[in-house]
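Asks: Predicted structure and sequence below. I'll ask about it afterward.
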Amino acid sequence: MALEFSVLASGSTGNAVYVATEKQRLLIDAGLSGKKLEELFKKTGLNPSELDGLLVTHEHSDHIKGIGIFARRYNLPIYANAKTWEAMSDSIGAIPTEQKFHFERETVKTFDNLDVESFGVSHDAIEPQFYVFHHEGKKLTLATDMGYVSERIKGTIKDSDMFIFESNHDINMLMMGRYPWNVKRRILGDMGHVSNEDAALALSEVIGDKTKRIYLAHLSKDNNMKDLARLSVQQTLEQKGFTIGEELQLYDTDPAVPTVLTAV
């Protein structure tokens, strides 16, 4: 079996991504209730009882809401860096010591035949990190919750076969929307979220010959729309010389509808 994945849920209301090989099945984040997570697994034809582990990106509730209950229910080992463990401990409830593991930034951890590379991002959490998954020459990047995309990150994720990449907001919608100014300033800042335009500009520097699919993720329910995000990213990429719709495809993600289980 190849490296495969499904974006179970993505957005400001909750995030969860499934990544698997024939020997390892991982859940990255569990930012929804246990009941909703089980519904998402069922929609995708997956069984959460077959999971081998749970990786955490950071302690915000839209990424950890269901982690405690899911880990206890399915006896899952949880992997997070030391500072994230400290920051989320009160929110996820008691976890048996034998289920707690450290996975620090800028390291690689091997899960049988799946290598997972962690990298730090700029976001207003204690020590947020995201992941690149490597299996038999294939490379899948999960990168959201970034205030900006640093040159170091670009180097780490460059030439992935597939990207699950943040396209959080349209700047005009955000500026004209109902959010108070301090929230707008946070989202626009270096510790906030990547806009449609900035996502496209960053992607234009990391798309390689291997890249086949880009999934636009973590869209704001108030300050973005799927069609707008896709059109904005497509226009910018086409201005940079990329052709969308043939070798390279753009896909939506959704807070309540999983993407089709896809091989990388």
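Replies: Noted; the coordinates are in hand. Numbering: from 1, shown residues only.
Asks: for L27, what are its contacts?
Replies: A16, V17, Y18, P48, L51, G53, L54, L55, F70, L76 (C-beta atoms under 8 Å, 6 or more residues apart in numbering). For the C-beta atoms, the positions are set from N, CA and C on the backbone; glycine is no exception.
Asks: Quick check: chain neighbours aside, which residue is closest to it?
Replies: Distances taken as C-beta to C-beta, 6 or more residues apart in numbering put L54 closest to L27, at 4.9 Å, once the chain neighbours are dropped.
Asks: what number of residues lie near that neighbour?
Replies: The local packing of L54 (other C-beta atoms under 10 Å) involves 24 other residues.
Asks: Over to the one 4 residues further on?
Replies: Residues lying near H58 (other C-beta under 10 Å) number 24.
Asks: I'd assumed Y131 was in contact with it.
Replies: No - in terms of C-beta atoms under 8 Å, H58 does not count as a neighbour of Y131; the distance is 11.8 Å.
Asks: before we move on, back to that, please flag which of the contacts of L27 sit within helices.
Replies: F70 (DSSP state H).
Asks: Enumerate every residue touching W85.
Replies: Taking C-beta under 8 Å, 6+ apart, we find W85 in contact with K100, H102.
Asks: if I look at it, how far off is S232?
Replies: Per C-beta to C-beta, to the nearest Å, W85 is found 37 Å from S232.
Asks: ok, now G68?
Replies: Using C-beta to C-beta, G68 is found at 37 Å from S232.
Asks: what does H169 give?
Replies: Distance from H169 to S232, counting by C-beta to C-beta: 10 Å.
Asks: Could you do V7 as well?
Replies: 19 Å.
Asks: okay, the two: which has more neighbours?
Replies: Higher neighbour count among V7 and S232: V7, with 28 against 21, using other C-beta under 10 Å.
Asks: So, low pLDDT: which residues of this structure?
Replies: Regions of the chain meeting the criterion pLDDT under 70 cover residues 1.
Asks: mind listing the strands in it by residue range?
Replies: For the chain, the strands defined by DSSP state E occupy 4-9, 16-20, 25-28, 53-55, 78-80, 100-102, 108-111, 114-120, 129-135, 138-143, 162-166, 213-217, 249-252, 262-263.
Asks: wait, which of these is closest to K36?
Replies: K36 lies closest to strand 4-9 among the strands of the chain, at 7.7 Å (C-beta to C-beta).
Asks: roughly how far is that closest one from the heart of the chain?
Replies: Chain-centre distance of strand 4-9: 9 Å, with C-alpha atoms, centre = their mean, to the nearest Å.
Asks: in the sheet, who's paired with the closest residue to E50 other than its chain neighbours?
Replies: The shortest distance from E50 to any non-neighbouring residue, by C-beta to C-beta, 6+ apart, is to R25 (5.5 Å). When assigned by DSSP bridges, R25 has beta-bridge partners A20.
Asks: Report the contact partners of R25.
Replies: By C-beta under 8 Å, 6+ apart, the contact list for R25 reads Y18, V19, E50, L51, D52.
Asks: what's the distance between the fourth one and L8?
Replies: For L51, the distance to L8 equals 12 Å [C-beta to C-beta].
Asks: One more: D29?
Replies: When distance is defined by C-beta to C-beta, D29 is 9 Å away from L8.
Asks: More neighbours: which of those two?
Replies: More crowded of D29 and L8, by other C-beta under 10 Å: L8, with 31 against 28.
Asks: picking that back up, residues contacting the residue nearest to L27?
Replies: Residues near L54 by C-beta under 8 Å, 6+ apart: L26, L27, I28, A30, I67, F70, A71, L76, P77, I78, Y79.
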